[in-house]
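S.K.: Using only what follows, build the 3D model:
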Amino acid sequence: MADRPSQTRPWPTELRLHKDRRALAVAFEDGTRFTLAAEYLRVESPSAEVQGHNPDERKLVPGKREVGIMEIHPVGNYAVRLVFDDLHSTGIYSWDYLHQLGREQESRMARYLEELAAKGLTRDPMRRS
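M.R.: Residues are numbered from 1 along each chain as shown. Have a look, this model is predicted:
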């Protein structure tokens, strides 16, 4: 990873998709390592489709327990774009955002599960007849 922009920003040393395509392992120079589930990455996508243009527009995305990551595309030297098997591909995951997702994984996932329960939704995908 060339042209490191700042010594204070998280900088990845490893980015590896698990064989089952359901998790992404990310390691950073600061020694932190995270395993981020595809479901978690999908429901926390930084795309406007999920996050909206302000916090009030944020969308709750149910039914993604079994989602996988099909592709990872570099975006300059600052991020990756993930393509999920539900064809969502518009989120650009900066190194900073991946680091933040790793640090906040427990609290964000708990909030997600609470929001699903409050709306009577589930993590399980809808089954087609």
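S.K.: my guess is residue 124 contacts residue 63, does it?
M.R.: Yes. In this structure residue 124 lies within contact range of residue 63 using Cβ atoms under 8 Å: 6.4 Å. No exception for glycine: its C-beta is placed from N, CA and C like everyone else's.
S.K.: neighbour count winner among these two?
M.R.: In this view residue 124 and residue 63 are compared by other Cβ atoms under 10 Å, and residue 63 has more residues nearby, 17 against 11.
S.K.: do you know how far that one is from residue 39?
M.R.: 10 Å (Cβ to Cβ, to the nearest Å).
S.K.: list residues touching both of these two?
M.R.: The contact sets of residue 63 and residue 39 overlap at residue 123 (Cβ atoms under 8 Å, 6 or more residues apart in numbering).
S.K.: What are the buried residues along the host helix or strand of residue 112?
M.R.: Element membership of residue 112 [criterion: DSSP states H and E] is helix 105-118. Residues of helix 105-118 classed as buried: 105, 109, 112, 116 (neighbour count, 16 or more other Cβ atoms under 10 Å).
S.K.: Please name the nearest non-neighbouring residue to the second one.
M.R.: Spatially, and ignoring its direct neighbours in sequence, residue 109 is nearest to residue 40 (6.1 Å; Cβ to Cβ, 6 or more residues apart in numbering).
S.K.: Tell me who's in contact with the one you found.
M.R.: Residues near residue 40 by Cβ under 8 Å, 6+ apart: 101, 105, 108-109, 112.
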